Every structure is written in structure tokens, then in C-alpha cells.
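> Build me a model from this:
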Amino acid sequence: MGIESKFIWMDGKLVPFAEANVHVLSHTLHYGLGAFEGIRAYKQADGKGGIFKLDEHLRRLFDSARMCRMKIPFSFEEVRQACLDTLRANDFEEAYIRPIVFLGSGAMGLGARTNPVHLTIATWEWGAYLGDEGLSKGIRVATSSYTRHHVNANLQRAKIIGHYVNSILARYEADDNGYDEAVMLDQSGFVAEGTGENLFVIRGNMIKTPPTANILAGITRHTTMEILERNGYEVTTDQFGRDALYIADEIFMTGTAAEITPVREVDRLPVSAPGPITQVVQKTYLSGVRGEVDWMQKYVTRY
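Residues are numbered from 1 along each chain as shown. I've put the predicted structure just below:
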């Protein structure tokens, strides 16, 4: 399934896919300063489309841009409407939505601050990020040799373009070694997250997820915690080493792209997947984003 669509929204107007181009001297292309989001729209129970947690994602986009000293030249409501308009223009009932804020051409060098700020919104049809089999049977992960950013090395709460070089290298390493995904440790050796997902580990009735000091505070992570708590489970945010993964009863990863993906193997050690608690979370989440769970309907923006 490709990423081509009919239109991409660029700086206030819908542009045909083939004409949605940027200059090769765009500052962000050279230096990586920019912000983006990954959002999903799902076909709802009534047959219409619905975007899950659109406002939460766009708030993070605006926050990320602000932390990068970039002023988005559109209001929150204009960007929100643009996401809806782009989906409608492309006739997508289910789609991935990618808003991206970047610096255009003009000055070069690390100190350049006068380049225009652009905003683009693309949409495409995208299935299970880690594969249908991974979603149903679990994935194989390996501890990466690449360390997650130090808490003071970057802006961890911002979803910044350049941050993902760290993730890409870790993912390439995992792929080259025959794994589906990597688990990244922080500078102290504690479990941080996947290359594009947060992580939950379960032993008995104890459910842990790493604190957000040096990881992205995922929107799906927050939804998962709410699902667990509504089902009577207590979730703690704790630091833990990879040894906790080796003795876990269940492990799963969360993310807008990855949704709720079970882990069936860590560093060649098997894990039950999908375990009973993982199944509760996955079933609730995948039903809720489609408008089939009453308390989650408030998070869906219809279009």
C-alpha cells in the first residue's frame, strides 16, 4: 500500500500530489529542525470517518513547534480544519495523517532564523505499522546498541524531525539482525521505548511503563493507561532494566502508527503474546478508535 493520494494541503491550499514539492535548499532538509505529528483516522461504526484524538495531536504539534522557536503561520482551528479538508478531498475513510512544520529556503547555517515556516498536511492509507501478523501474534524485538537521547541532549517532549535519526539507526540495526523492532535504553541503562513506540511490561498484576523524563509522552500511551485503569488494573511509571523484559509475562508496544502491538520475543527469549491483559487493551483500543466504546467516543472527531 503506497502513500500516494489525490491532494496534499500546503500552506493554506490543497495541491495535487505530484505538485506538492519543496526546494532542495529548505533549511529543515539540511539541519533537521522541524516538527511533525502522526494521526490516524478510522471508519466509524456508522460508516463515517473519525479522527482519534485530533486535538491532542495538534496541541503537541504546536507545542513542539514552539519549543523549536518556530511560529506556525496558521491558527489551531485552521490546522484542525485543514486535516478534515484533506481527508475529505482524498475520499479517505481510514487514513494516516501527517502534518509537518518545516523551515523553507532562504538563509543557511545553524543560526539562520528568518526562513519562512511552512506547514504541510499529507494523508495516506496505512495498515498495521509492524504488520498484520505482528499485530495479531506479536513481534520480535532486540535491545539496541544505540542509546536513547539524554534528557538534556534534546527536547524529549517535542516530536522533532531530527530526533528520529537516533530511532532510524536503531531500527536499521534491528532489521539487519533479523528483528522487527528495537528496544532502546536510556543513558543510565534503563528501558526507554521502541524506535517509534512506548512500551508496557506486565508481570502478574503489576503493569509498568517507563516515565516520560526522556521519552516522548505518547498519546496512545496515555489512552492505554486509561484503558487499563478503567479495567481495574494499576499502572505504575517506573524505571526498570531490560532484565524486567526477560522475565515478563506480557509486553506490548503502543503508538498511533503501531496501535497496540504485542511482543512475543525479546533478545531471543520468548514472551506470551498476545497475553490476556494485552488482549483487553488491544480489543478496547481498536474498538474505541472506531467509535464502538462509549467513553472513548469523546476523543473522536467525525468528518
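> How many residues are close by residue 242?
Residue 242: 15 surrounding residues under other CB atoms under 10 Å. Backbone N, C-alpha and C define where each C-beta goes, glycine included.
> Bridging across strands, which residues link to residue 99?
residue 121 (DSSP bridges).
> how near is it to residue 3?
According to CB to CB, to the nearest Å, residue 99 stands 15 Å off from residue 3.
> okay, the two: which has more neighbours?
residue 99 (23 against 12).
> Name the nearest residue to residue 79, ignoring sequence neighbours.
Nearest residue to residue 79, sequence neighbours excluded (CB to CB, 6 or more residues apart in numbering): residue 58, at 5.8 Å.
> thought the one you found was touching residue 80?
Yes - counting by CB atoms under 8 Å, residue 58 does reach residue 80; the two are 5.9 Å apart.
> So which of the two has more stuff around it?
Just comparing residue 58 and residue 80: by other CB under 10 Å the higher neighbour count belongs to residue 58, 21 against 17.
> What separation do you get for residue 57 and residue 293?
As for residue 57, its distance to residue 293 is 19 Å (criterion: CB to CB).
> The two: who's more crowded?
Legend: neighbour count by other CB under 10 Å for residue 57 and residue 293, higher for residue 57 (21 against 18).
> Might you report the residue contacts of the more buried one?
By CB atoms under 8 Å, 6 or more residues apart in numbering, the contact set of residue 57 is 37, 38, 39, 219, 256.
> Let's see that with 7 Å instead.
Applying CB atoms under 7 Å, 6 or more residues apart in numbering, we find residue 57 in contact with 37, 39, 219.
> Identify the residues contacting the closest residue to the second one other than its chain neighbours.
Spatially, and ignoring its direct neighbours in sequence, residue 39 is nearest to residue 97 (4.0 Å; CB to CB, 6+ apart). Contacts were defined as CB under 7 Å, 6+ apart; by that measure residue 97 touches 39, 41, 51, 83, 121, 123.
> The lowest-mean-pLDDT helix or strand in the chain packs against which elements?
When each helix and strand of the chain is scored by mean pLDDT, DSSP states H and E, helix 132-137 comes last, with a mean of 93. With contacts taken as 3 or more CB pairs under 7 Å, 6 or more residues apart in numbering; DSSP states H and E, helix 132-137 sits against strand 259-266.
> pLDDT averaged over the strand it packs on, what's the number?
On average, the pLDDT along strand 259-266 is 98.
> packing partners for the very next helix or strand once past it?
Counting by DSSP states H and E, the next helix or strand C-terminal to strand 259-266 is strand 269-270. Packed against strand 269-270 by the contact rule (3+ CB pairs under 7 Å, 6+ apart) you find no helix or strand.
> List the strands paired with strand 269-270, with their directions.
Sheet pairing for strand 269-270, assigned by DSSP bridges, gives strand 259-266 (antiparallel).
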